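> my questions are about this predicted structure, shown below with the sequence.
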Amino acid sequence: MKIIIKDNKENASKEAFKLFANSIANGAKVIGLATGSTPLDLYKEWVNSDVDTRDLVSINLDEYVGLTADNDQSYHYFMQKNLFDKKPFKKSYIPDGIKAINDPEGSSAEYNQIIAENPIDLQLLGLGQNGHIAFNEPGTAFDSVTHEVKLTDNTIKANSRFFADVADVPKSAICMGIANIMSAKEIVIMAFGKNKAEAVKKMIEGPVTEVVPASVLQNHSNVTLIIDEDAASMLSSK
């Protein structure tokens, strides 16, 4: 695992974008994308760049069950607002949060097929405080594929800052499994702030264990971790 430490998240995000631009220039065609606050500065760099996305395919990690694509808290809406409206892709895939209400297994199977037909060249990840990647919480099997995830109370609480009330936060999501993520040819994972420092340390210095889902990335041959100094503050050596 390659580790890049920058003084702040803005400069770390600029470094991450350089990796994306370089991979695309070298032929990457299918890009796995993430949502949340972590990739926002990366997407800003992308929008302000001359990198052309019109021949690219994007595949997002997850979507809330029960939210329509035009709901301003859905990940469809997030991606449109922060990237796709300015940088349209040839094709963009995000799980269908409405279809998943009545048929989560069918929706998951369809998404697995999409990933199989569009092998991911470069996957973007954020890191949860408990070591989760996407909505794959501690205890998720390393061989898991796309599935419905019942969100933990901690995840619901963490995501409630985006909603008017914690009661409005969806209770489940359709999410790529860890095996889907690990199938990507290249992975970039980002983490910022002191609240991520313990997870960063466990991810790269601890054992590979399902208790810390992100620790599985130690087994991938091409991973770059990009963090700021705060997120790196608990590492044994920098």
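Perfect, thanks for sending it.

> what packs against the lowest-mean-pLDDT helix or strand in the chain?
Least confident element among the helices and strands of the chain, by mean pLDDT, DSSP states H and E: helix 153-159 (a mean of 80). Judged by 3 or more Cβ pairs under 8 Å, 6 or more residues apart in numbering; DSSP states H and E, helix 153-159 is in contact with no other helix or strand. Any C-beta I mention is one placed from the backbone N, CA and C, and that applies to glycine too.

> count the residues that sit near Pro138.
15 (other Cβ atoms under 10 Å).

> and if you look at Asn136?
By other Cβ under 10 Å, neighbour count at Asn136 equals 27.

> roughly how far apart are the closest residue to it other than its chain neighbours and Ile178?
Distances taken as Cβ to Cβ, 6 or more residues apart in numbering put Pro213 closest to Asn136, at 4.9 Å, once the chain neighbours are dropped. Remark: distance between Pro213 and Ile178 (Cβ to Cβ, to the nearest Å) = 6 Å.

> look at those two and report which has more neighbours.
Per other Cβ under 10 Å, whichever of Pro213 and Ile178 has more neighbours is Pro213, with 28 against 22.

> contacting residues for that one?
131-133, 136-138, 140, 178 (Cβ atoms under 8 Å, 6 or more residues apart in numbering).

> ok, Glu210 next?
138-142, 216.

> format those residues as CSV; extra columns: pLDDT and distance to Tyr75.
Below are the contacts of Glu210 laid out as CSV (pLDDT from 0 to 100; distance: Cβ to Cβ, whole Å):
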residue, pLDDT, distance to Tyr75
Pro138, 94, 22
Gly139, 96, 23
Thr140, 96, 19
Ala141, 98, 23
Phe142, 98, 24
Val216, 98, 23
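
> which of the residues you listed count as buried?
With neighbours counted by 16 or more other Cβ atoms under 10 Å, those contain buried members at 140, 142, 216.

> check for me that the last one belongs to a helix.
By that I understand Val216. Yes. Using DSSP: H, G, I helix; E, B strand; the rest coil, the assignment for Val216 is a helix.

> how far away is it from Ile187?
10 Å.

> and if you look at Phe78?
21 Å.

> ok, Asn26 next?
From Asn26 to Ile187 the distance is 16 Å (Cβ to Cβ).

> what about those two, which has more around it?
A count of neighbours by other Cβ under 10 Å puts Ile187 above the other of Asn26 and Ile187, at 22 against 9.

> now the helices: where do they sit in the chain?
Applying DSSP state H to the chain gives helices spanning 9-25, 40-47, 75-79, 99-102, 104-117, 153-159, 178-182, 197-205.

> closest one to Ile3 among the ones you listed?
helix 197-205 (7.1 Å; Cβ to Cβ).
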